[in-house]
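Engineer: Everything below, folded, please.
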Amino acid sequence: MEASDVEDFALTVLTVGIVCAGHLKMKEAKKRKRRQWWTRPWLERRDEGIGRGVLTMLENELVVDDPENYRNYLRMSEDVFMTLLNKVEGRIKRQDTNMRQCIPARKRLAVTLRFLATGETFKSLSFSTRIAHNTLSKIIPEVLQVIIDSMREYIKIPTTPEEWKEVSRGYEEQWNFPHCLGSVDGNHNF
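Structural biologist: Numbers count the residues shown, from 1 in each chain. Have a look, this model is predicted:
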């Protein structure tokens, strides 16, 4: 074997060693860290007493003491909220398990309405409601779909491009809003 062949062989062995070492480090880094908690302790205290979460305060205090701020918080009165809850409760209610208590239908609907009212991120909403952001990311779309399904008889949603164009023409002719496809509360155009 010549000196250049030995050098090439040594360089190849060194390169393979470096690649293998890097691969092992990446594999170690990818190992999942063991969970510290099943649920974070501060989230578990969601329903403990007054002042532990905005949803508990909403249920226990605002509904009785300050109906005006209740309406401001959810953008609807308690009567309208209860009517909506009665329509959707059967489909958004969950059962408690041996592992933990479920989030009641009333709170699932309230947090969804708050999300719609504010547009807050799930992460931000999780701090005020004491519901984990990943749980919110499942609850909110699910509740929204149930609301849409249960309110189909009251809300006409265009299904064809022609119907959408007709809606847009109506907004442009009546309100001088071109390319508008709907409004919320009669004044929030989108």
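
Engineer: Can you point out the buried residues in stretch 125-142?
Structural biologist: 125-126, 129-132, 135-136, 139-140 (16 or more other CB atoms under 10 Å). Where you see a C-beta, it was placed from the backbone N, CA and C, and this is true even at glycine.

Engineer: Make TSV from those residues and add pLDDT to it.
Structural biologist: Shown next, in TSV, are the buried residues of stretch 125-142 (pLDDT from 0 to 100):
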residue	pLDDT
Leu125	91
Ser126	85
Thr129	84
Arg130	81
Ile131	85
Ala132	85
Thr135	90
Leu136	93
Ile139	95
Ile140	95
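
Engineer: Can you tell me the SS state at Thr83?
Structural biologist: The three-state label given to Thr83 by DSSP: H, G, I helix; E, B strand; the rest coil is helix.

Engineer: could you measure it against Glu89, distance?
Structural biologist: Separation of Thr83 from Glu89 (CB to CB, to the nearest Å): 11 Å.

Engineer: next one: Asn176
Structural biologist: Per CB to CB, Asn176 is found 41 Å from Glu89.

Engineer: ditto for Val111
Structural biologist: Distance from Val111 to Glu89, by CB to CB: 15 Å.

Engineer: Looking at the two, which has the bigger crowd around it?
Structural biologist: Val111 (26 against 16; other CB atoms under 10 Å).
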